[in-house]
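Engineer: A structural model of the following input is requested.
(2 chains, ligands or ions: 2)
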Amino acid sequence: MQIAIPASGQTINDPVDTRFGRAPYVIIVNQESGATTTLSNPYAAESGGVGPRLVQLLVQNQVTQLIAPRIGGNAENALVAAGIEVFLFEGSGSVSSALEQFKAGKLVLMIGKQ
Amino acid sequence: MQIAIASGKGGTGKTTVAVNLALALSTSHEVTLADCDVEEPNCHLFFSGHPDEEIVTNPVPEIDTDACTLCGTCGSFCRYGALIVLTDRVLQYPQLCHSCGGCEIVCPTGAISMRPEKAGVVHISKPKPSLSLISGTLEEGSIHTTTVIKAVRRHLLRENLVLLDAPPGSSCAAMETLKDCDFCLMVTEPTPFGLHDLTLIHEVTEIFNIPTAVVINRSDEKNNDVDMYCTAHNLPVLMRIPFDRTIALMQGSGEIISGQDPVWRERFVRLGLQCLALTGAR
Ligand code: SF4
Ligand code: SF4
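Structural biologist: Residues are numbered from 1 along each chain as shown, chains lettered A, B, ... in the order given. Ligands and ions are numbered 1, 2, ... in the order given. Now for the predicted structure:
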């Protein structure tokens, strides 16, 4: 299982970015091996449709889960269609602390089957 | 002859001026009033009649799912996020599509063809023998304002006196409306916001090199910042519309002041003739 988190920087110590489609980086964590990959978001500065396009990139990277703040309608629609589960992270904090809260079962499932 | 009536934002009295000017000038000229404020067209509210309707469309992709191999080419190609290739299907957002046609070309299997998607409607009517109304309405959720404005523009005859109710602001849609005009009448209010908006549109008219004049709405006296700006930039202030209860009420009930009140009719005729004089025509 691969889980993705939008981030303001390139490492898991950087903060979770509050804007899904516009986050400069996305950090992908392989939950079996613990390995992390950082993708630079090619759409961060583009004008339109960035949310759905980032979802497409997640699909290409075999992402099945996402930790994210609130998400726009078009991106939400794409996440539902792609079958990616989304866990709501509304606070501020680093990627690693968000991951810990996720593992502890503290994040609410926003999109996906209960 | 094309005269745009523009304002920085909605609600400044732009439509009031456009409608009154059209009616007043239609006593002496063959006038076409073109409502290019397609996101919120209002001119038609002041006229009765049954308009003809023309549907405006844009090509958007249609995917033959049997031919599609989910290769991902179209999804990586489309810069607007209108095609998203997932593992089991291609997700489409026709409302984001800019109709560039590129996806049809790049698809290696020929699975994409283009189909028409409604972008809006143009209504054509003739409220008076010497007055035509061409009104564009954008389909809800569509981004194709300029397509609808272009469709409105196709109905405009050069030989007629055309008044265009421009979309507010300095957006692409406002540009599309202003670019071929011979003259621009800017409607504003004597407030800091009014001045700010006036400055923005004035910049646009300067880029297009369109002669410009100003109407100040809800204004009785001189010496506000808008007047100072106009003096400093040599912009003639052709009319002031006072803040008046009767005018407001008439507007609210869909009546045209210059159709009811001979004094106002005279004022709008004069305004129109001044605009024409400033364009160098008669
Ligand atoms: S026509 Fe252009 S904008 Fe529309 S979906 Fe195809 S590539 Fe995207
Ligand atoms: S480019 Fe053609 S074949 Fe490839 S995913 Fe798009 S529609 Fe399907």
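
Engineer: Chain A: helices as residue ranges?
Structural biologist: For chain A, the helices defined by DSSP state H occupy A:50-60, A:73-82, A:95-103.

Engineer: Of all the ones you listed, which one comes closest to ligand 2?
Structural biologist: Across the helices of chain A, ligand 2 has its closest neighbour in helix A:50-60 (10.8 Å, Cβ to the nearest ligand atom). (Each C-beta comes from the backbone N, C-alpha and C, glycine too.)

Engineer: Residues contacting the closest one, please?
Structural biologist: A:4, A:20-22, A:26, A:39, A:41-44, A:46, A:66, A:71-72, A:74-79, A:82, A:84, B:72, B:75, B:81, B:84-87, B:91, B:93, B:96 (Cβ atoms under 8 Å, 6 or more residues apart in numbering or on different chains).

Engineer: Point out the most buried one among the helices of chain A.
Structural biologist: helix A:50-60 (a mean of 24; mean count of other Cβ atoms under 10 Å in any protein chain shown).

Engineer: and the angle for that helix with helix A:73-82?
Structural biologist: Interaxial angle of helix A:50-60 relative to helix A:73-82 (axes from the mean of the first three to the mean of the last three Cα atoms, to 10 degrees): 20 degrees.

Engineer: and helix A:50-60 with ligand 1, contact?
Structural biologist: No - using Cβ under 6 Å from any ligand atom, helix A:50-60 stays clear of ligand 1, coming no nearer than 10.8 Å.

Engineer: Let's test this: name the helix or strand in chain B with the lowest mean pLDDT.
Structural biologist: Least confident helix or strand of chain B, by mean pLDDT, DSSP states H and E, is helix B:245-252 with a mean of 73.

Engineer: Report the buried residues of whichever helix or strand comes after it.
Structural biologist: Sequence order places helix B:257-260 as the next helix or strand after helix B:245-252, per DSSP states H and E. Using 16 or more other Cβ atoms under 10 Å in any protein chain shown as the test for burial, helix B:257-260 gives B:257-258.

Engineer: Now do the contacts for the residue of the stretch 151-282 of chain B found nearest ligand 2.
Structural biologist: Ligand 2 sits closest to B:Cys172 of the stretch 151-282 of chain B, with a gap of 28.3 Å, by Cβ to the nearest ligand atom. Counting by Cβ under 8 Å, 6+ apart, B:Cys172 touches B:145-146.

Engineer: try it again with 6 Å
Structural biologist: B:Thr146 (Cβ atoms under 6 Å, 6 or more residues apart in numbering or on different chains).

Engineer: Is B:Arg115 in a helix, a strand, or coil?
Structural biologist: strand (DSSP: H, G, I helix; E, B strand; the rest coil).

Engineer: pLDDT score assigned to B:Gly280?
Structural biologist: Per-residue confidence at B:Gly280 stands at 65 (pLDDT).

Engineer: the longest helix in chain B is where?
Structural biologist: Longest helix in chain B, counting by DSSP H: helix B:262-279.

Engineer: Render the CA-only coordinates of it in CSV, please.
Structural biologist: Provided in CSV are the C-alpha atoms of helix B:262-279 (Å, rounded to 0.1, in the frame of the first residue of the first chain):
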residue,chain,number,x,y,z
PRO,B,262,-38.4,63.5,-22.0
VAL,B,263,-35.7,65.3,-20.0
TRP,B,264,-33.7,62.1,-19.6
ARG,B,265,-34.4,61.1,-23.2
GLU,B,266,-32.8,64.4,-24.2
ARG,B,267,-29.8,63.9,-21.9
PHE,B,268,-29.2,60.4,-23.3
VAL,B,269,-29.6,61.5,-26.9
ARG,B,270,-27.0,64.2,-26.2
LEU,B,271,-24.7,61.7,-24.5
GLY,B,272,-24.9,59.5,-27.6
LEU,B,273,-24.2,62.3,-30.0
GLN,B,274,-21.2,63.4,-27.9
CYS,B,275,-19.8,59.8,-28.0
LEU,B,276,-20.3,59.8,-31.8
ALA,B,277,-18.6,63.2,-32.1
LEU,B,278,-15.6,61.9,-30.0
THR,B,279,-15.2,58.9,-32.3
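
Engineer: list the buried ones in that helix?
Structural biologist: Applying 16+ other Cβ under 10 Å to helix B:262-279 flags B:264-265, B:267-269, B:271-272, B:275-276, B:278 as buried.

Engineer: can you list contacts of it?
Structural biologist: So helix B:262-279 is contacted by B:3, B:20-21, B:24-25, B:182-183, B:211, B:238-239, B:257-258, B:282 (Cβ under 6 Å, 6+ apart).
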